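> Sequence below, structure please.
(one chain, ligands or ions: 2)
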Amino acid sequence: MTQQQTPTKITNKLLSEEFLNKFDTFLFDCDGVLWLGTILLPSIRETLDMLTSLGKQLIFVTNNSTKSRKAYTKKFESFGIKVTEDQIFTSGYASAVYVRDFLKLQPGKDKIWGFGEAGVREELTLMGFETLGCDDPGLNQPFDASTSPFLVNGLDKDVKCVVAGLDHNVNYHRLAITLQYLQQPDVEFVGTNVDSTFPQKGYTFPGAGSMVESVAFSSGRRPAYCGKPNKNMLNTIVSAFNLDRSKCCMVGDRLNTDIRFGHEGELGGTLLVLTGIETEERALEVTSEHPRPAYYVEKLGDLYEYTH
Ligand SMILES: O=C(O)[C@H](O)[C@H](O)COP(=O)(O)O
Ligand SMILES: [Mg+2]
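Ligands and ions are numbered 1, 2, ... in the order given. Next up, the predicted model:
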């Protein structure tokens, strides 16, 4: 599959069946593909059930670090979809794996400062890292340098890494304390994912990248990003399931993360859906900014609707 190939739009039963027969494993992005916030997109449950009945392997790969993998199984369950924890990979989990296996920080000794939500804290804690910040209610207080409990007792000397991601409760207090840790030369800087925005019904809102780049700018430092399109994340998934990349298809709604992840990860194919960030014009444009998808479709549920 090369960028020169004109993307194929799936518009009928024959094209759907030809597409499905090419792959054994489907890696699904979540936000903008399966759902928009708390709204499940049309025919998603039916499509996933159809793929399972065809013997396909389903893996879910989200750059949304706000929930842990375990919490995501509950979100799937709320939509009547049964998914096990090991089928789910989040950018928060990928960041925790990076901290443990690449930075080789010591659980029980090295601590983490989290600028993000419970998902970041929970995945790092599961790996044995005491994680400060994140959804600590003390950070919801208005910031005052002379009274902040995160400053008056001094910074925690055992913090050896900042992990930053999407935080719906971002405020000056969180930005200010995160900057203090990033100003320490021995503290590593990890960003969960680079997404500039994320889609909710009819809107796009600031994504993790908008928050990570804010503290990158104030600290003058660059983060190591762990989510899609980072190859480490895909390598973790491929080795966890012993996948044949040529039989895998990445399904996503964002060209510079999901489709790039599949393209640069040398997967057998990529499918862009138009229910999230991208448009048909963007899918077809030839640019060095992002690869083009091998396939694209209006919505994922069309794969079920065209074949039933
Ligand atoms: O961090 C963000 O901006 C969002 O969580 C991200 O855009 C959504 O992740 P997805 O499931 O689309 O990979
Ligand atoms: Mg998405």
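> Tell me which residue lies nearest the centroid of the chain.
Nearest to the mean C-alpha position of the chain, counting by Cα atoms, centre = their mean, stands Asn63 at 0.7 Å.
> Which pLDDT value goes with that one?
Looking at Asn63, its pLDDT is 97.
> same thing with Gln4?
At Gln4, the pLDDT value in this model is 61.
> measure the residue nearest to the centre of the chain to Ala145 for me?
33 Å (Cβ to Cβ, to the nearest Å). For every residue, glycine as well, the C-beta is placed using N, CA and C.
> hmm, the helix or strand where Ser210 lies in reach of ligand 2?
Element membership of Ser210 [criterion: DSSP states H and E] is helix 208-219. No - figure legend: helix 208-219 not in contact with ligand 2 (Cβ under 5 Å from the ion); closest approach 11.7 Å.
> Please state the backbone phi and psi of the closest residue to Glu130 other than its chain neighbours?
Nearest residue to Glu130 in three dimensions, chain neighbours excluded: Lys111, at 4.6 Å (Cβ to Cβ, 6 or more residues apart in numbering). Main-chain dihedrals, Lys111, degrees, to the nearest 10: phi -110, psi 160.
> Now do the contacts for the residue of the stretch 201-308 of the chain at minimum distance from ligand 1.
Nearest to ligand 1 in the stretch 201-308 of the chain, going by Cβ to the nearest ligand atom, is Gly207, at a distance of 2.4 Å. Counting by Cβ atoms under 8 Å, 6 or more residues apart in numbering, Gly207 touches Leu166, Asn193, Asp195, Ser196, Thr197, Phe198.
> tally of neighbours for the nearest residue to it once chain neighbours are set aside?
Of all residues not flanking Gly207 in the chain, Asp195 sits nearest, at 3.7 Å (Cβ to Cβ, 6+ apart). Asp195 has 27 neighbours, counted by other Cβ atoms under 10 Å.
> right, and Asp195 touches Gly209 too?
Yes - applying Cβ atoms under 8 Å, one finds Asp195 in contact with Gly209, separated by 5.1 Å.
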